[in-house]
Structures are given as C-alpha cells and as structure tokens.
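Enquirer: My questions are about this predicted structure, shown below with the sequence.
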Amino acid sequence: MERILLSSPHMSQEGYEQAYIKEAFDTNWIAPLGANVTKFEEDLARMVGIDYATALSSGTAAIHLALKNIGLQQGDIVFCQSLTFSASANPICYEKATPVFIDSEPETWNMDPEMLRKAFEKYTPKAVIVVHLYGISAKIDEIKAICQEHNTPLIEDAAESLGTIYKGKWTGTFGDYGIFSFNGNKIITTSGGGMLVSNNKAGIEKATFWATQAREKARHYQHEEIGYNYRLSNISAGIGRGQLKVLEERVEKKRYIYQRYVEGLADIEDIEMIPDHDYERSNHWLSAMLIGPSSSVTPTMVMDVLDKENIESRPVWKPMHLQPVFADCDYIGGHVAEDLFNRGLCLPSDSKMTDQDIDRVIATIRSLWD
Ligand SMILES: *Cc1c(COP(=O)(O)O)cnc(C)c1O
C-alpha cells in the first residue's frame, strides 16, 4: 500500500510553477531578486489584502525581522503562544530577548486572551506573538484589543494559516506584522521560504534592507548595521507564484478532508476533531483530533496502528514551556496546551489524498474502537 502522508508538496496540474522557473532561466535571473520575487510579493499581498510584503528565505526569518522592526533588544520580554512550533519563539532568542509563554484555550487551541491579560499584569512586553495553529484562527479580535490597550505590537504567526479567513479578513493581516511560511509541508510551498507582510511601508522596506545584508545606498559596499542574507531566491519565488494560483483549490481540498474525518468519526464518542467555527473559513492545514481523557485508547496507539498501515501521523506540537531549551522561561497559564499535546494527534491531510485514502485512515482509526 502506498504511504499516505501528513502534508506533502503539491504542484499545480497546469505546471504554472515550472513555467515561472523557466522564465527565470530564460532571462538569467537566477538570483535572490527578479520578476518572480516582485510578482510573488505583489500577488500574495493583493490576495490576502495587505499593502506591503517582502519575500524571505523562511517564515522564521520573517518572524526575526518583524521582531527587529518593533525594536526588540537584549533583555526585552516577548509574549509567545506556548502551543506552537519552536520557530515561533526561536527568533526572540536570536535577539537575546526573553520569551514568556502563554497557554491556549480549548475553543481554538490558540493563545488564551484571559491568560494574555494576566501576563500583562506581570510584565511589560515589547511584542506579542500569536499563532493560528493548524489553520484555525486564534481569537484575534480579543487579542488585538488587549495588545492595543497596552500599546504593544502584535505579530501574527500565520505560517500554518495561509488561506484562513476570520470574519471576512485573512489571517496574517490583523497584527502590526504577519508572517507566512512556504516550507515543504505547508499548504503551499516554495521548497523553503517565507513572507513578511504589513501595512507599514517603512517596516517592510527596512526588513528588505536587513534581508539583503543591510547594504546602504552607495556605489561601494557601505554598511552601518548588521545585516542578514534572508531574501528569497527568484527560482523559489517562481514556485510560489505558481502555487498561489492553486491556493484556493488546496484550501477546498483540506476542508473536504477535515469534513470527511468529522463525518467518518462522528459516532465515536472518545474522538473530538479540532474545532471548526461559523465565523471563519479555516484552511484546515492539518486535521487534528483529540481522544477523550477516560479512553483506553491513547494517541500513541492510534499513531502505531496508522504507521503499521503505512499512514503518517504526528503528535500535536509539544508546548514550548515544556521544552528543555525554554525551561528557564516563565509561563502564564494552566494545563490546556499540555492537555492538547497529551490527548491530540495530527491526521494525514495531504491535498493529494483520494477518497479511498481518507476512508483507509478512518477505517484504521475505527479498528481501535470496534
Ligand atoms: C513552519 C512554521 C514556522 C516556520 O516557518 P519556516 O518557513 O519553516 O521557517 C513558524 N511557525 C509555525 C507555527 C510553523 O508551523
């Protein structure tokens, strides 16, 4: 049986990506700049409804430059959602600042606004990093309002949520800065890459400047700040331009896979799927499920039986406040993130899955309850 994957690269049937790559070859723009980079930025900005975007080598680089833009300095505090991938928090440490991790709430699995309020009673942070995990929007209205009350910049880690629309507005466009990732496992990919977006023109220009080695406007190589080599290649950007054309298709397919899991597992009381909401159009990047606390079946048992059937699955992100590398960091919250980690797992959500593939996953999971 062919392996069913969690989320693998899915190029367009029409070959858009290769056509843009060919354009780069034909014009010899094999460089970290060129028409593909510019067009990819413009196309994405228009699609998500934001004024400015800069294409970077990764989502992590985008978070790093967002933090530099808000003036993060050594010793500063940044509030960061605990339930996430480590890339949300690592750039805080690149600047020798200190993360304080915030618990999730069960309705979206993302940052709990109550806990964010509590954290503001204890600290004055330089920024807040919220994540839209697995493509489910955080309670972004509430979180944005709290940040505004405290005059604190908000960075939206939308690495997993490109295509998610919250109350008519795309995730990634609510904060002072938003970031997207085009890593190989994300909903669309450039093999590796990221995008920093904002309505702040000067901020995006500054990020592009830092991303190109902080080279000043001079004929000779003049440097007055430390720079980075963070720009996206014109080849990768070509893939991105092509992938943007099929983003809607990918979102539809991911939503379809989620819906089939919901229906196929509905009668098993022990199983609860990651929530869906009327107020949003989630991209459902990964369909995650939770197992009831009193069930005799554990996530490990489900992952083992799936693996035996050559089906990939994965635990929910391990919260940052439980990671050895962040052991010294403060944490504001209870046990929601930890509980989601203990009881959750991610099911294959590959946009190339057939109905038979989805049914095979469902039947394999059901075998543990039959
Ligand atoms: C993938 C991911 C990132 C990092 O993106 P890269 O492009 O891999 O650097 C950041 N945050 C979250 C939540 C992610 O899933």
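Expert: That came through, no problem.

Enquirer: low pLDDT regions in the stretch 51-200 of the chain?
Expert: Judged by pLDDT under 70, the stretch 51-200 of the chain has no weakly predicted residues.

Enquirer: for the ligand, what are the nearby residues on it?
Expert: Counting by C-beta under 6 Å from any ligand atom, the residues of the stretch 51-200 of the chain close to the ligand are 58-60, 84-85, 87-88, 131, 157, 159-160, 181, 183, 194. (Glycine included, C-beta is placed from N, CA and C.)

Enquirer: Compile these into TSV and extend it with columns for neighbour count and distance to Phe341.
Expert: Converted to TSV, those look like this (neighbours: other C-beta atoms under 10 Å; distance: C-beta to C-beta, whole Å):
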residue	neighbour count	distance to Phe341
Ser58	21	24
Gly59	27	21
Thr60	23	22
Thr84	26	11
Phe85	19	13
Ala87	21	17
Ser88	27	15
Val131	29	14
Asp157	33	18
Ala159	30	18
Glu160	27	16
Ser181	30	21
Asn183	19	21
Gly194	27	25
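
Enquirer: Could I get those in JSON lines, plus columns for secondary structure?
Expert: Shown next, in JSON lines, are those (DSSP: H, G, I helix; E, B strand; the rest coil):
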{"residue": "Ser58", "secondary structure": "coil"}
{"residue": "Gly59", "secondary structure": "helix"}
{"residue": "Thr60", "secondary structure": "helix"}
{"residue": "Thr84", "secondary structure": "coil"}
{"residue": "Phe85", "secondary structure": "coil"}
{"residue": "Ala87", "secondary structure": "helix"}
{"residue": "Ser88", "secondary structure": "helix"}
{"residue": "Val131", "secondary structure": "strand"}
{"residue": "Asp157", "secondary structure": "strand"}
{"residue": "Ala159", "secondary structure": "coil"}
{"residue": "Glu160", "secondary structure": "coil"}
{"residue": "Ser181", "secondary structure": "strand"}
{"residue": "Asn183", "secondary structure": "coil"}
{"residue": "Gly194", "secondary structure": "strand"}
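
Enquirer: Between these, which sits nearest Glu41?
Expert: Distances from Glu41 to these, taken as C-beta to C-beta, are shortest for Gly194 (11.7 Å).

Enquirer: Distance of the residue nearest to the closest one when sequence neighbours are not counted relative to Ala214?
Expert: Counting by C-beta to C-beta, 6 or more residues apart in numbering, Gly59 is the residue found nearest to Gly194 once chain neighbours are left out, at 3.7 Å. Going from Gly59 to Ala214 by C-beta to C-beta, to the nearest Å gives 21 Å.

Enquirer: Just read off the phi/psi values of the residue nearest the centre of the chain.
Expert: Centroid check for the chain by C-alpha atoms, centre = their mean gives Ala159 as the closest residue, at 2.1 Å. For Ala159, the backbone dihedrals (degrees, to the nearest 10) come out as phi -50, psi -30.

Enquirer: what secondary structure does the residue nearest to Lys96 when sequence neighbours are not counted sit in?
Expert: Distances taken as C-beta to C-beta, 6+ apart put Gln74 closest to Lys96, at 4.1 Å, once the chain neighbours are dropped. Classification of Gln74 by three-state DSSP places it in coil.

Enquirer: I'd say Gln74 and Tyr94 touch.
Expert: No: using C-beta atoms under 8 Å, Gln74 makes no contact with Tyr94, being 10.8 Å away.
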